[in-house]
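**Q** Sequence first, predicted coordinates after that:
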Amino acid sequence: MEVVFTEFPWGIILILLPLMAGMICFLWPRMAQVLGLVTTFSITLSVAGLAWQMLDTGVYRHAVGGWGAPLGIDLYADGLSLLMLATTALVGFAISVYSAAYFEREDATRFWPLWLFLLAALNALFLSSDIFNIYVTFELMGLAAVALVALAGGRDALGGAMRYLLTALLGSLAYLLGVALLYHGFGTVDIALLAERVDASPVVWAALGLMGAGLLLKTAVFPLHFWLPPAHASAPAPVSALLSALVVKASFYILLRLWLEVFEPLVGSEGVYTLLGLLGAMAVLWGSVQALRQTRLKLLIAYSTVAQIGYLFLAFPLAAAAGVTAWSAAAYLALSHALAKAAMFLAAGNLVRFGGHDRIADLDRVVQRLPLTASAFALAGVSIMGLPPSGGFIGKWLMLEAALAQGRWDLVAVMIVGGLLAAGYIFKVLGYAFTQADVVHESKTVPTSMEWAALLLALGAVLLGFLAVPVLSLVGIGDPFGISEVRP
Amino acid sequence: MSAPFLYALVGMGLFSLGLYGLIVYAHLLRKILALNVMGSGIFLVLVALAKRTGEAPPDAVPHAMVITGIVVAVSATALALTLMLKLTAETGRAELPNEGKE
């Protein structure tokens, strides 16, 4: 029994299980929903198994099929990968419960296999240890995500999906050219081996430029965010939640991983991280202002995603002097944003189901009529605004601490203004939710599981505020940020 | 100028040409083709890189990457073409709808 837990290849399960389940869904469409729920639940358990194993033995490394690193494919997980896997599993399971009630027969048979493929791609991406494998998983993820956006049908969703696909492919191709250059320069695609060999040569600079541009495009950092709002706002609600919570984080994770390991010799050059910080700051301000201006709820939430991604990039200029604090802050923000944003999109989906529209001004007393959904939105809002005791508060507090310690008052100002603007757009929605609308709409009932899925995710985002110490010590496994001790 | 270097240079040229096409043309079929041209450019670079071994037999790893890349490119193109057809059926034009812009 002991051996099962210390040596069991959980990483293989995390990739193969959803992949096989997805294919079975095509063969037996009737089983899709049950299979999807069972699979996502099993994935949650497997991540827990992996976490337990890693607490015992440190980083996870598995050579697929017994072929080692230079020739074969290695799976690798440290604390940062574990954090992303756990986020994906938890948010994914909640969204699955929601989707079981959301999608009707025809749509359900299309949704489940695509979502399971997306899950397989995400897990494979977080477990990848070489940059070419990451390219392949990017494409798997992108194709599944685009197809999911197009599920809604109609002009907006198809247009959004097409724009998303072209952007994702462009990003991947730029990334692939970077991979080619790095392979040419150093003869390996393994991240750990590259980390040993790279130097500040022109090849590395060109690769950094190409891969960085591709990843920034995929992460939708200002001003490369143009594709995100149409895609995220026009997709079905559970799909918007998956995209905003998980898919954009995947490319950020890769950027962070490459930045920390492969491009380390360049980190000394101030220009690059100043630029990233500047883009982040612009994203925070621009995204928040745009969110405030929106009249449709789902577009508002999508622009809020643009703004919240900006916060993650504020960690780059701060990390130079306060590495661990800034990176822990970014990791914590990514996690709490995933929970809160998924909750928000699911709540928005409930409101659309209830009233048949997502015009903010016409929200008709939803606080009384859908109290659970309104609470979910408000609690998720608490985390997005960064009010205590939520997970968003911990992340933003750590980042503020790093900025204050370095006297970066400009970044402090951006964070505070961003928080105020976030409060503005969330209270704008809640204000309309309390009042009666001019036009009365016919309302439909919303299944209880859809309301609870949103509420539990939002509660999770708030409760994260109390879990900072254990979560950050888990992230510290294998020392992803380069220093052995992670301070909460 | 050695042959592999020429190939790599042509590959970079194709990549740039594809990028230009992707940005400039509005018709979706042209955009999809432009992405394919970009992809072929990268494949050419990878094939040229296989000669990095000098006189020894060419490195097989970039070739494996190209094959994987081709599989990915075929699937992505298939999805893009399907989406284009659906979009054309919906809007009557094989172009991106405009109001996605702010």
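**A** Happy to help now that I have it. Just so we're clear, the structure is a prediction, and the values are computed from it rather than from any experiment.

**Q** would you list every one of the helices in chain B?
**A** B:3-24, B:28-49, B:61-91 (DSSP state H).

**Q** how about CSV for those helices, with mean neighbour count added?
**A** All C-beta atoms are positioned from the backbone trio N, CA, C, and that covers glycine. CSV is the format used below for those (neighbours: other CB atoms under 10 Å in any protein chain shown):
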stretch, mean neighbour count
helix B:3-24, 16
helix B:28-49, 22
helix B:61-91, 17
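
**Q** Make JSON lines from these and add mean pLDDT to it.
**A** As requested, the helices of chain B are arranged in JSON lines below (pLDDT from 0 to 100):
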{"stretch": "helix B:3-24", "mean pLDDT": "92"}
{"stretch": "helix B:28-49", "mean pLDDT": "94"}
{"stretch": "helix B:61-91", "mean pLDDT": "93"}
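
**Q** ok, is stretch B:57-74 in contact with chain A or not?
**A** Yes: Stretch B:57-74 lies within reach of chain A by CB under 8 Å from any CB of the partner chain, at B:61, B:62, B:65, B:68, B:69, B:72.

**Q** Roughly how far does the third one sit from residue B:13?
**A** Plainly put, residue B:65 is 20 Å away from residue B:13 if you go by CB to CB, to the nearest Å.

**Q** Report how many residues lie close to whatever residue of the stretch 251-400 of chain A ends up closest to chain B.
**A** Taking CB to the nearest CB, chain B has its nearest neighbour within the stretch 251-400 of chain A at residue A:290, 6.7 Å off. Using other CB atoms under 10 Å in any protein chain shown, residue A:290 has 22 neighbouring residues.

**Q** correct me, but it touches residue A:303?
**A** Yes: Residue A:290 lies in contact with residue A:303 (CB atoms under 8 Å); the separation is 4.3 Å.

**Q** Give the residues shared as contacts by the two.
**A** residue A:229 (CB atoms under 8 Å, 6 or more residues apart in numbering or on different chains).

**Q** ok, residue B:70 to chain A distance?
**A** Applying CB to the nearest CB, to the nearest Å, the value for residue B:70 to chain A is 12 Å.

**Q** quick one: that residue from residue B:78, how far?
**A** On the measure of CB to CB, residue B:70 and residue B:78 end up 13 Å apart.

**Q** With residue A:376 instead?
**A** Relative to residue B:78, and taking CB to CB, residue A:376 is found at 38 Å.

**Q** wait, what's in contact with the residue nearest to the spatial centre of chain B?
**A** Closest residue to the average C-alpha location of chain B: residue B:39 at 2.2 Å, with CA atoms, centre = their mean. By CB under 8 Å, 6+ apart, the residues touching residue B:39 are A:173, B:18, B:69, B:73.

**Q** Format those as JSON lines; extra columns: distance to residue A:465.
**A** Shown next, in JSON lines, are these (distance: CB to CB, whole Å):
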{"residue": "A:173", "distance to residue A:465": "40"}
{"residue": "B:18", "distance to residue A:465": "47"}
{"residue": "B:69", "distance to residue A:465": "44"}
{"residue": "B:73", "distance to residue A:465": "45"}
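
**Q** Nearest to residue A:295 among the residues you listed?
**A** Closest to residue A:295 out of these is residue A:173 (35.9 Å), distances taken as CB to CB.

**Q** burial of that closest one, as a residue count?
**A** Residue A:173, neighbours per other CB under 10 Å, totals 27.

**Q** Likewise for residue A:369?
**A** Residue A:369: 15 neighbours (other CB under 10 Å).
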